[in-house]
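K.L.:
Give me the fold of what follows.
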Amino acid sequence: MFDTGSTGFMLLATSLVMLMTPGLAFFYGGLACKRNILGIMMQSFVSLGVTTILWFIVGYSLCFSGGEGAIIGNLDKAFLHGITPTSAFGDGRFPEIVFVAYQMMFAIITPALITGAFVNRVTFKAYMIFLVLWQLFVYYPFVHMVWGGGLLAEWGVLDFAGGIVVHATAGFAALAAVSFVGSRKFKDHKPNSIPLMAIGTALLWFGWYGFNAGSELNADGITALAFLNTDIAASFAAITWLSIEWYNERKPKFVGFMTGAVAGLATVTPAAGLISMPVAAFMGILGSIVCYSAVHLKNRMGWDDALDVWGVHGMGGVLGSILLGVFASTAVNPMGADGLLYGGGAFFIKQLAAVTGASIYGFVFTYIMLVLINAITPVKVSEEEEEAGLDLAIHGETAYDIGFI
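P.N.:
Here you go, the predicted model:
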């Protein structure tokens, strides 16, 4: 009944995207200070559990059932009602249950991206509430509007794998969180483990092939294009960031190389299967330059986005979504659109408006939500807890035997 090749490929892509969440935990864990490694890693891992439960209960239904041309779907498929192993998705190449799992992995990692901004400043109880509410009121509406046949999809907005839905919303939510909780009292700017960060980068880069190529929802030429564009953008961005730092600081930095790779991955995500390979290279270079500049702007402004979520993911997602409006071509992908360079001025305006609106909404709603959560339970940890480190103060565990730190 189903195409085994497509089904197998989508299961593989799903597994790759799942691997990105532990990868993010390692990436953030390596960047965090020694006293907060477990706290930041747990925030990523706990999303695997909480988000899966939420996705099963209402998430998938709100994103992908009903609500054509609307902001949110309905509850027809709550608790995955009516979805069986024989239920087909789309044109019937693979089961809907595979699509449920694939999209669930996106839902898991998106709020986890935000956590790098407020490392060692937020209570675990507040984060658990945040994890649920942010998905219900930010992530799910944008998934439905862009990928679920909702308002933005009908308007003609495109987002191949998550520049608007994932990176712009999460990046600007991170900036809102930093604005609300303020700066760290006890800052440690040095990564505690660059090798741990390298493991995280490798897992993220590897998993991103499933993130982008899998978003074609098929195994065809566009899938291969998205796969290669992902690597091209990441590689050009990594070398660009490395070169900029090497020139400015007179030393080639491994952390800079890895940060640049992630910036390139975030930038190409909305466009991976809709642009040519030379454009992917250009997007990697420009994405690295813009994200590097955003990080330095953040430092000058005194915004304590600890692990540069806004500068890398937020600005990468925004830039990529806008550049898609410039360079998209139906000659590359007939299912896409023609960007500004090919006479698609209206499409460019739609992309610009959509990513701007998503960024503003992600910032404003996140800030308001944190204010409301703070009325229920304190969002920010005490000064004593921050000084002791959240690993010990909140979780009662440490990443390393104290004798070896």
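K.L.:
Name the residues of stretch 83-93 that are buried.
P.N.:
Across stretch 83-93, burial judged by 16 or more other CB atoms under 10 Å covers Ile83, Phe89, Arg93. In short, each C-beta sits where N, CA and C put it, glycine included.
K.L.:
What is the burial count for the residue nearest to Ser15 when sequence neighbours are not counted?
P.N.:
The shortest distance from Ser15 to any non-neighbouring residue, by CB to CB, 6 or more residues apart in numbering, is to Gly210 (7.0 Å). Residues near Gly210, counting by other CB atoms under 10 Å, number 26.
K.L.:
where does the protein have low pLDDT?
P.N.:
For the chain, the stretches with pLDDT under 70 are 188-189, 402-405.
K.L.:
can you list the residues that contact stretch 239-256?
P.N.:
For stretch 239-256, the surrounding residues in contact (CB atoms under 8 Å, 6 or more residues apart in numbering) are 31, 191, 194, 197-198, 257, 259-261, 263-264, 284-285, 288-289, 291-292.
K.L.:
Show only the entries of those found in helices.
P.N.:
31, 194, 197-198, 257, 259-261, 263-264, 284-285, 288-289, 291-292 (DSSP state H).
K.L.:
buried set for the helix or strand hosting the residue nearest to Ser15?
P.N.:
Using DSSP states H and E, Gly210 falls within helix 194-213. Buried residues in helix 194-213, counting neighbours by 16+ other CB under 10 Å, are found at 196-201, 203-205, 207-213.
K.L.:
ok, of those residues, which one's closest to Leu133?
P.N.:
Phe211 (24.5 Å; CB to CB).
K.L.:
OK, contacts around the residue nearest to Ser15?
P.N.:
Counted by CB under 8 Å, 6+ apart, Gly210 has contacts Leu12, Ala13, Thr14, Ser15, Leu16, Val17, Leu19, Met20.
K.L.:
Of these, just the buried ones, ChimeraX syntax please.
P.N.:
A single ChimeraX command is used to select the members of these judged buried by 16+ other CB under 10 Å:
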select :13,14,16,17,19,20
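K.L.:
What is the nearest of the contacts of Gly210 to Gly336?
P.N.:
Distances from Gly336 to those, taken by CB to CB, are shortest for Ala13, at 19.7 Å.
K.L.:
what about the nearest residue to that closest one once chain neighbours are set aside, neighbour count?
P.N.:
Closest residue to Ala13 apart from its sequence neighbours, by CB to CB, 6+ apart: Gly214 at 2.8 Å. For Gly214, the neighbour count with other CB under 10 Å is 28.
K.L.:
thinking again about what came up before, out of the buried residues of stretch 83-93, which sit inside strands?
P.N.:
Those of the buried residues of stretch 83-93 mapping onto strands are Phe89, per DSSP state E.
K.L.:
now the buried residues of stretch 83-93 in a markdown table, with distance to Pro270?
P.N.:
Listed next are the buried residues of stretch 83-93 as a markdown table, based on distance: CB to CB, whole Å:
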| residue | distance to Pro270 |
| --- | --- |
| Ile83 | 28 |
| Phe89 | 22 |
| Arg93 | 24 |
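K.L.:
between the buried residues of stretch 83-93, which is nearest Phe124?
P.N.:
Ile83 (32.6 Å).
K.L.:
quick revisit: could you tell me which of the contacts of stretch 239-256 count as buried?
P.N.:
31, 191, 197-198, 257, 259-261, 263-264, 284-285, 288-289, 291-292.
K.L.:
Taking those residues together, which two end up most distant?
P.N.:
Pro191 and Ile285, at 25.0 Å, using CB to CB across the buried ones among the contacts of stretch 239-256.
K.L.:
Can you point out the buried residues in the top helix by length along the chain?
P.N.:
Secondary structure of the chain per DSSP H: the longest helix is helix 345-376. By 16+ other CB under 10 Å, the buried positions in helix 345-376 come out as 347-348, 350-352, 354-355, 357-359, 361-363, 365-367, 369-370, 373.
K.L.:
Point out the other helices and strands that that helix packs with.
P.N.:
helix 124-134, helix 151-155, helix 169-181, helix 315-327 (3 or more CB pairs under 8 Å, 6 or more residues apart in numbering; DSSP states H and E).
K.L.:
Pull out the C-alpha coordinates of the helix holding Gly210 and format them as PDB.
P.N.:
The C-alpha trace of helix 194-213 is given here as PDB (Å, rounded to 0.1, in the frame of the first residue of the first chain):
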ATOM      1  CA  ILE A 194      34.900  22.500  23.800                       C
ATOM      2  CA  PRO A 195      35.000  18.800  23.000                       C
ATOM      3  CA  LEU A 196      31.500  18.400  24.300                       C
ATOM      4  CA  MET A 197      30.400  21.300  22.200                       C
ATOM      5  CA  ALA A 198      32.100  19.600  19.200                       C
ATOM      6  CA  ILE A 199      30.100  16.500  19.800                       C
ATOM      7  CA  GLY A 200      26.900  18.600  19.900                       C
ATOM      8  CA  THR A 201      27.900  20.400  16.700                       C
ATOM      9  CA  ALA A 202      28.500  17.100  14.900                       C
ATOM     10  CA  LEU A 203      25.100  15.800  16.000                       C
ATOM     11  CA  LEU A 204      23.300  19.000  15.000                       C
ATOM     12  CA  TRP A 205      25.000  19.100  11.600                       C
ATOM     13  CA  PHE A 206      24.300  15.400  11.000                       C
ATOM     14  CA  GLY A 207      20.700  15.700  12.200                       C
ATOM     15  CA  TRP A 208      20.100  18.800  10.100                       C
ATOM     16  CA  TYR A 209      20.200  16.700   6.900                       C
ATOM     17  CA  GLY A 210      17.000  15.100   8.200                       C
ATOM     18  CA  PHE A 211      15.600  18.500   9.300                       C
ATOM     19  CA  ASN A 212      16.000  20.000   5.800                       C
ATOM     20  CA  ALA A 213      16.100  17.200   3.300                       C
END
